[in-house]
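# Got a sequence here, can you model it:
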Amino acid sequence: MVFMKFRNVMMAGLLLLPACGFTEEALWPSLTGEDPAGSSTPQAREQPQQPSSQMAAQPLPASSAGGAVSSAQPLLGTNQFKPTGVTPGSPTGTFVGKKVVDLRTELQRLQGAIAQHNKALQQMRGKMVQDSQRYHGTVAAINARLQVGTTPGNPILVQQFNSAQSELDRLSVDIGEMNRLATAVSADSTMSAYLAESARSAFTISGAVDEDHRQLAILEDEVNRTVVLIDRLLKEVADDVRRQTSYVSTERSNLNLLSAGVKSGEIYGGSLVNRAMASAAAGTPVNMSKGAVDITGRRPLVVIRFDRPNVPFQQALYNAVSRVLERRPNAAFDMVAVAPAGGGAARVALNSTKARRHAETVLRSLIEMGLPPNRVAVSAKTSNTAKINEVHLYLR
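Below is the predicted model:
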């Protein structure tokens with residue numbers, strides 16, 4: 001028995017050794033035309049560590065969502081905004097009494113509008129939750145298929161991706177409707193401020209009887225309560241709009257990366273910029289630098305060797321950059337297109353042009369993965385030691 005236990009412990013230790021070795025190597029991937037170490041068996045070994053797409057219904061932070069839905073819909077407000085009503089009064093026959101009747105009528109109309117706005121808000125919230133659930137369900141189905149492997153450009157996944165885009169568009173429409181509601185509530189806020197000022201001013205009008213002032217005091221209290229109710233309604237609608245707008249923007253970025261995954265048939269994860277929780281402006285133009293970046297003594301984060309067409313570098317590139325951004329959310333990178341220096345001037349010029357095009361391909365992939373282009377400085381150089389065109393990515 002003792003021998004059997006000892007043998008089991010030794011076997012378990014041996015099984016753990018390859019995983020440790022892969023973890024060390026994955027931090028500094030080097031890609032070639034052959035199947036890279038991280039794109040076959042080791043990749044399959046690492047993928048189960050990522051949350052599966054069946055877990056997409058659970059709230060997951062953007063930095064840990066992996067291949068599943070990268071962010072859950074932020075919580076919507078739950079408060080109800082129901083006016084307490086207006087206390088009826090009897091006419092006194094005075095000018096101030098007539099003023100009180102007019103103000104009471106305006107307050108009733110205002111509270112009726114608030115009740116309608118509250119009803120519309122609750123309906124919008126329910127619709128947004130339903131649209132979000134449909135969206136996350138569709139994305140989860142895509143990720144579930146990518147998780148187990150599929151063909152590049154699978155038409156079923158393309159159709160599901162288009163559905164996910166449409167469902168996210170519905171969420172954008174929902175936010176637009178909530179914005180219009182916020183505008184209407186703002187108009188109510190202006191009206192409530194006018195009623196509050198009118199009620200205060202009515203106390204200074206001469207010719208009033210005690211009953212007028214008694215009814216005015218009640219009316220003023222009810223107007224003030226309505227003002228507070230409108231302010232709370234407006235704040236909650238504004239908070240809902242802000243959170244949902246940020247959420248939809250995040251999911252747009254994640255969909256861009258999901259599109260790249262559908263095209264390649266591979267699962268990546270959340271958008272790089274969302275994983276880094278950074279807010280750099282997308283679409284900033286990137287100029288190819290004519291001067292070489294000083295890389296003396298610097299170790300490349302990724303080396304991609306283009307020794308054959310269609311080098312499968314995307315997965316390893318994403319893994320390496322996302323690991324860096326998890327530790328340094330504001331990290332920036334230097335990309336260097338490296339061409340061989342041998343073979344004569346014509347050959348060097350041809351290789352330099354190809355190397356730059358390879359660098360543009362890698363940069364385009366990073367942008368599709370969600371990395372803002374202003375995070376990457378691109379340059380080119382020739383090397384006496386390089387045998388083929390390469391692209392080096394350095395952490396700045």
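# Please make it C-alpha for all contacts and neighbour counts, starting now.
Noted.
# quick one: the helices in the chain?
Counting by DSSP state H, the chain has helices at residues 2-26, 41-46, 95-148, 155-202, 210-264, 272-275, 314-327, 345-368.
# any idea how the protein splits into domains?
Domain ranges of the chain: 23-50+276-395, 95-268, per automatic domain parsing.
# For residue 89, which of those domains is the nearest?
Residue 89 sits nearest to domain 95-268 of all the domains of the chain, at 6.8 Å, using C-alpha to C-alpha.
# Pull up the distance across that closest one, start to finish.
End-to-end distance of domain 95-268 (C-alpha to C-alpha, to the nearest Å): 74 Å.
# For the residue nearest the centre of the chain, give me the pLDDT.
Geometric centre of the chain, nearest residue: residue 250, 1.5 Å, by C-alpha atoms, centre = their mean. What the model reports as pLDDT for residue 250 is 79.
# cool, and residue 291?
You'll see residue 291 listed with a pLDDT of 46.
# ok, now residue 246?
Residue 246 carries a pLDDT value of 82.
# how far away is it from residue 395?
Residue 246 sits 28 Å away from residue 395, going by C-alpha to C-alpha.
# Low-confidence regions, the stretch 251-396 of the chain specifically.
Residue ranges of the stretch 251-396 of the chain with pLDDT under 70: 269-294.
# hmm, try it at 90
Residues of the stretch 251-396 of the chain that meet the criterion pLDDT under 90 lie in 251-299, 307-332, 334-335, 341-387, 395-396.
# measure residue 158 to residue 310 for me?
21 Å.
# more crowded one of those two?
Between residue 158 and residue 310, counted using other C-alpha atoms under 10 Å, residue 158 has the larger neighbour count: 16 against 8.
# check contacts around that one.
Listed by C-alpha atoms under 8 Å, 6 or more residues apart in numbering, the contact partners of residue 158 are residue 262.
# How about residues contacting stretch 106-126?
Contact partners of stretch 106-126, identified using C-alpha under 8 Å, 6+ apart, comprise 76, 80-83, 85-86, 174, 177-178, 181, 185, 188, 191-192, 195, 223, 226, 230, 237.
# let's go with 7 Å and repeat that
76, 80, 81, 82, 83, 86, 174, 188 (C-alpha atoms under 7 Å, 6 or more residues apart in numbering).
# quick revisit: who has more neighbours out of residue 246 and residue 395?
Neighbours per residue (other C-alpha under 10 Å) separate residue 246 from residue 395, with residue 395 holding more: 16 against 13.
# Isn't that one up against residue 299?
No - here residue 395 does not reach residue 299: they are 8.6 Å apart, not a contact under C-alpha atoms under 7 Å.
# give me the number of residues near residue 384?
Neighbour number of residue 384 under other C-alpha under 10 Å is 10.
# Quick check: it vs residue 355, distance?
Distance, residue 384 to residue 355, by C-alpha to C-alpha: 15 Å.
# With residue 244 instead?
Residue 244 sits 42 Å away from residue 355, going by C-alpha to C-alpha.
# And those two? Which one has more around it.
Shown here are residue 244 and residue 355; by other C-alpha under 10 Å, residue 355 has more neighbours (26 against 21).
# quick one, what contacts the more buried one?
Going by C-alpha under 7 Å, 6+ apart, residue 355 touches 337, 338, 339, 389, 390.
# Residue 86 - nearest residue in space that isn't next to it in sequence?
Closest residue to residue 86 apart from its sequence neighbours, by C-alpha to C-alpha, 6 or more residues apart in numbering: residue 108 at 6.3 Å.
# for residue 317, same thing?
residue 302 (6.9 Å).
# Against residue 367, how distant is the closest residue to residue 389 other than its chain neighbours?
Nearest non-adjacent residue to residue 389, counting by C-alpha to C-alpha, 6+ apart: residue 339, 4.8 Å away. According to C-alpha to C-alpha, residue 339 and residue 367 sit 23 Å apart.
# okay, the two: which has more neighbours?
Remark: of residue 339 and residue 367, residue 339 carries more neighbours, 28 against 23, as counted by other C-alpha under 10 Å.
# For residue 175, give me the pLDDT.
pLDDT, residue 175: 90.
# Same check on residue 193?
Value for residue 193, per-residue pLDDT: 90.
# one step back: roughly how far does the residue nearest to the centre of the chain sit from residue 300?
For residue 250 relative to residue 300 (C-alpha to C-alpha), the value is 29 Å.
# Residue 238: neighbouring residues, count only.
Residues lying near residue 238 (other C-alpha under 10 Å) number 17.
# Give me the pLDDT value at the residue nearest to residue 259 when sequence neighbours are not counted.
Counting by C-alpha to C-alpha, 6+ apart, residue 259 lies nearest to residue 161, which is 7.3 Å off, once chain neighbours are set aside. Note for residue 161: predicted pLDDT of 90.
# what's the answer for residue 118, then?
Reading off the model, residue 118 has pLDDT 92.
# Next one: it from residue 80, what distance?
7 Å.
# Equivalent analysis for residue 306, please.
61 Å.
# out of these two, which sits in the more crowded spot?
residue 306 (21 against 13).
# Surely the more buried one touches residue 390?
Yes - counting by C-alpha under 7 Å, residue 306 touches residue 390, with 5.9 Å between them.
# Among the contacts of stretch 106-126, which pair sits farthest apart?
With C-alpha to C-alpha as the measure, no two of the contacts of stretch 106-126 lie farther apart than 86 and 174, at 32.5 Å.
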